[in-house]
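# Structure of the sequence below:
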Amino acid sequence: MIRIQKLTIHGWTTVGFNLEIHEALLKAKELSAQTSHSYRLVNDDLEMICFLRGGAMGLGSQDSDDQAPMVVGA
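Next up is the predicted model:
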């Protein structure tokens, strides 16, 4: 299952949990487009799946720590 987390001044806060990937992605994309906050989707092991800000999504990469996330949409 997937969790939606919002970045606050105190760190990442869970705002949605036990979601299917498509439901979580749509909700997080909607939230990030409507607010100035950054959101991320994480799995049950708290591994980041993607990062969203302003409606744009960056995909997490476990293969290379020195590369920035790839932006796939605005």
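
# Can I take it that residue 33 is in a helix?
Yes. Assessed by DSSP: H, G, I helix; E, B strand; the rest coil, residue 33 belongs to a helix.

# mind listing what it touches?
The contact partners of residue 33, by C-beta atoms under 8 Å, 6 or more residues apart in numbering, come to 54-55. The way it works is simple: take the backbone N, C-alpha and C, and place the C-beta from them, glycine included.

# Looks to me like residue 45 is in a helix.
No. Assessed with three-state DSSP, residue 45 is coil; it does not lie in a helix.

# Distance-wise, check it relative to residue 32.
23 Å (C-beta to C-beta, to the nearest Å).

# Residue 25 now?
Applying C-beta to C-beta to residue 25 and residue 32 gives a distance of 11 Å.

# Give me the more crowded residue out of the two.
Between residue 25 and residue 32, counted using other C-beta atoms under 10 Å, residue 32 has the larger neighbour count: 22 against 18.
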